[in-house]
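1. here are the coordinates; sequence isn't available:
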């Protein structure tokens with residue numbers, strides 16, 4: 001049987017590397033024997049020895065995989081992320097064509113994911129003459145803000161994709177000097193930073209793939225969502241693709257900043273914890289989760305016992321009423 005080599009790029013600093021381990025572990029568990037994963041992890045600096053040792057054990061345990069590290073340093077420190085206090089690894093995937101010079105095609109995946117199938121089908125996506133393939137970004141397609149696409153220099157957002165699970169046409173990207181354009185545009189400030197850079201540079205050369213390859217938990221549940229209605233999502237992804245993603249997800253993406261499964265309860269978090277339990281970092285995940293939940297519950301309890309209201313008399317003089325555990329403090333102010 002022919003073996004297929006799939007080059008895969010991840011990017012993570014030391015703060016996210018333990019979650020990246022869980023993502024890679026889930027990916028390896030579901031890998032077919034005949035599939036070869038050539039994994040490259042881009043990082044600002046090399047991880048400590050304990051982390052590297054755990055990844056080494058993964059490589060020794062699973063056949064047909066190789067884990068490589070690329071120390072990028074301060075490559076994107078002059079990008080817009082610096083002004084937004086975001087880590088430069090957010091931009092690393094824009095160098096993917098330079099990293100995989102030996103390949104014509106490659107995958108990029110975010111670290112806050114779980115992979116539930118072999119990635120051969122995703123990798124074998126026919127890119128035609130497109131630079132990249134990804135999942136439509138529903139958040140940007142609600143049609144309520146025409147100013148957005150104009151502000152970033154696009155004609156529309158019909159092609160706009162999330163930059164979290166991508167298939168890159170490296171050969172075509174290199175032929176058309178797209179890496180230079182990525183780097184040039186990364187120096188500008190955009191609302192969605194690297195994702196805007198990707199969509200601006202690749203505009204008209206983007207292919208859409210099914211949502212099951214980047215199932216963001218913030219869209220769930222599909223049939224009972226306050227932010228995105230089922231009809232709205234169905235118009236973007238199609239009913240079959242929605243049902244397929246719900247029943248047979250390939251990549252689950254915990255994209256919400258405050259909705260990570262290691263911080264709080266979220267949709268489909270049982271998938272993440274299944275593989276987190278298999279990792280050497282399980283206890284540290286539990287400590288962080290329990291601490292975060294305790295802080296959250298204490299905050300809610302305090303908020304329920306403390307309230308601040310304003311009352312006005314007939315002359316419109318204001319009295320601020322501060323209620324602390326049943327004790328009321330009245331602060332009167334006169335109207336101007």
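-> All right, it came through fine. From a predicted model like this one, the values you see are computed outputs, not experimental measurements.

2. rest of the way, CA atoms for contacts and neighbours
-> OK.

3. burial measure for residue 110, as a count.
-> 22 (other CA atoms under 10 Å).

4. repeat for residue 10
-> 22.

5. how about the strands of this protein, start to end?
-> Secondary structure of the chain (DSSP state E): strands located at 4-11, 35-43, 65-71, 105-109, 113-115, 132-134, 165-169, 206-208, 215-216, 251-253, 306-312, 318-324, 327-333.

6. For residue 274, find the nearest of these.
-> Residue 274 lies closest to strand 113-115 among these, at 9.9 Å (CA to CA).

7. quick revisit: any chance of the strands of the chain in CSV, plus mean pLDDT and distance to residue 286?
-> Formatted as CSV, these follow (pLDDT from 0 to 100; distance: least, CA to CA, whole Å):
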stretch, mean pLDDT, distance to residue 286
strand 4-11, 95, 24
strand 35-43, 95, 25
strand 65-71, 94, 27
strand 105-109, 96, 25
strand 113-115, 97, 18
strand 132-134, 97, 33
strand 165-169, 97, 27
strand 206-208, 97, 37
strand 215-216, 94, 23
strand 251-253, 97, 20
strand 306-312, 74, 30
strand 318-324, 74, 33
strand 327-333, 70, 37
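
8. Just name the most buried of those strands.
-> The highest mean neighbour count among the strands of the chain, using mean count of other CA atoms under 10 Å, belongs to strand 113-115: a mean of 28.

9. distance between that strand and the chain's centre?
-> On the basis of CA atoms, centre = their mean, to the nearest Å, strand 113-115 sits 11 Å off its chain's mean C-alpha point.

10. Residue 276 is nearest to which of the strands of the chain?
-> Residue 276 lies closest to strand 113-115 among these, at 10.0 Å (CA to CA).

11. So what touches the closest one?
-> 20, 22-24, 26-27, 30, 250-254, 271-272 (CA atoms under 8 Å, 6 or more residues apart in numbering).

12. Now the residue most central in space within the chain. Nearest residue, chain neighbours left out?
-> For the chain, residue 255 is the residue whose C-alpha lies nearest the centre (CA atoms, centre = their mean; 4.3 Å). Among residues not flanking residue 255 along the chain, residue 216 sits closest, at 6.1 Å (CA to CA, 6 or more residues apart in numbering).

13. now residue 2
-> Nearest to residue 2 is residue 34, by CA to CA, 6+ apart, at 7.0 Å.

14. burial measure for that neighbour, as a count.
-> Using other CA under 10 Å: residue 34 sits among 13 other residues.

15. Residue 68 versus that one, what's the distance?
-> Noted for residue 34: a distance of 20 Å to residue 68, by CA to CA, to the nearest Å.

16. residues contacting residue 249?
-> 116, 212-213, 215.
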